[in-house]
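> Pasting the sequence and the predicted coordinates here, then a few questions.
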Amino acid sequence: MSKFRVPTWFWRPRNKPAFPVLKDNYKCFNKLLSPDKAFRFINFLELSLFLGLLLNFLMYSTPKTSHLNDNEVFDRLLQQVLFIGIHIIATTFAIYASYNLKPFVMQIYMLFATPYFSLAISFCAVLFVELTVFIYSDDHKDFDRLLVDLGNVAGKDLNSRVDWLLAWVAFIGAVLIWQLITTFSFYNYIRDRQIEIEERQIVTPNHLQSIDLEKKSFEIYTLPPPPPYVEC
C-alpha cells in the first residue's frame, strides 16, 4: 500500500514573489521571530489557553457550582466543550502546518481562520464600542443585561466592572489582530517559498530536483556557461 503524501497545493496562486525568498523578509513585530516560529509560538500559546479553559469548564460547570439544574448544566457544558474542541482541533492543525511547510495544509487552515478572525475581531470592536458607551451612561440596566448574555456564552456568572471588562476586550482584540498578522505573514512565506522552489528546479537527464534557496546558495545551481563558439 502506497504511503499517503500531503499535496503541495489546494489552490496555486499566480503571484510572482521576489527571489530569493528569505525568512527575514517575512518577519513581523520588530523582526524578533521568523514567520514559522512566531506562528508556532502563538498557536502553542492558544492551545495551552484552550486546554486550560476546557479543564476549568469540566471542573466548575457542575450543579454544585452553578445555580442551574442538571440538564441546563449539561447543555451549557456540551456547548462549551464543542466550542473549545473546535478551537483545539484548529490550533493543533495550525501547529502541524508550521512544521509541514506545504501550502496545502496552511490553505486548509486559512479556510477556517479567515472568517474566524474576521468575525472575532468585529465582535470585539462592537463590544468595545458598546462598553465605552456604558462608561458614560448612567443607566446600568443595559450593562447588567450584557453581563448576563456574556455569562451565558462563557458559562459563568459575570460580576465585573465595565472598565475591567473593557480592558479585557481590548486585550483579546489586540491578541486576535496579532494572530491574524502572524498567520498571514507565515502563509505568505510558505506560499512564496514553494513558488520559488518550483521555479528554481534543476533539470537533469535522469530526474527533476527542486531547490530550497533558503538552505543552499543559488550559485551552486546555476547552469554552466555554453561552450565557446568554434568555427568549423
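Noted; the coordinates are in hand. Numbering: from 1, shown residues only.
> how much space between residue 176 and residue 18?
Counting by CB to CB, to the nearest Å, the gap from residue 176 to residue 18 is 29 Å. Yep, even glycine has a C-beta here, placed from its N, CA and C like the rest.
> quick one, which of these two is more surrounded?
Using other CB atoms under 10 Å, the more surrounded residue of residue 176 and residue 18 is residue 176, with 17 against 9.
> surely the more buried one meets residue 119?
No: using CB atoms under 8 Å as the test, residue 176 is too far from residue 119 to be in contact (10.1 Å).
> list the buried ones in stretch 77-87?
77, 80, 83, 84, 87 (16 or more other CB atoms under 10 Å).
> got those as JSON lines, with pLDDT, secondary structure and distance to residue 57 columns?
What follows is these, written out as JSON lines (pLDDT from 0 to 100; DSSP: H, G, I helix; E, B strand; the rest coil; distance: CB to CB, whole Å):
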{"residue": "77", "pLDDT": "71", "secondary structure": "helix", "distance to residue 57": "6"}
{"residue": "80", "pLDDT": "74", "secondary structure": "helix", "distance to residue 57": "5"}
{"residue": "83", "pLDDT": "80", "secondary structure": "helix", "distance to residue 57": "10"}
{"residue": "84", "pLDDT": "84", "secondary structure": "helix", "distance to residue 57": "7"}
{"residue": "87", "pLDDT": "86", "secondary structure": "helix", "distance to residue 57": "13"}
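> what number of residues lie near the residue nearest to residue 28 when sequence neighbours are not counted?
Excluding the flanking residues, the one nearest residue 28 by CB to CB, 6 or more residues apart in numbering is residue 185, at 4.9 Å. Neighbour count of residue 185, defined by other CB under 10 Å: 18.
> Do you know the pLDDT at residue 185?
Residue 185 is assigned 91 on the pLDDT scale.
> Fine by me, we can end here.
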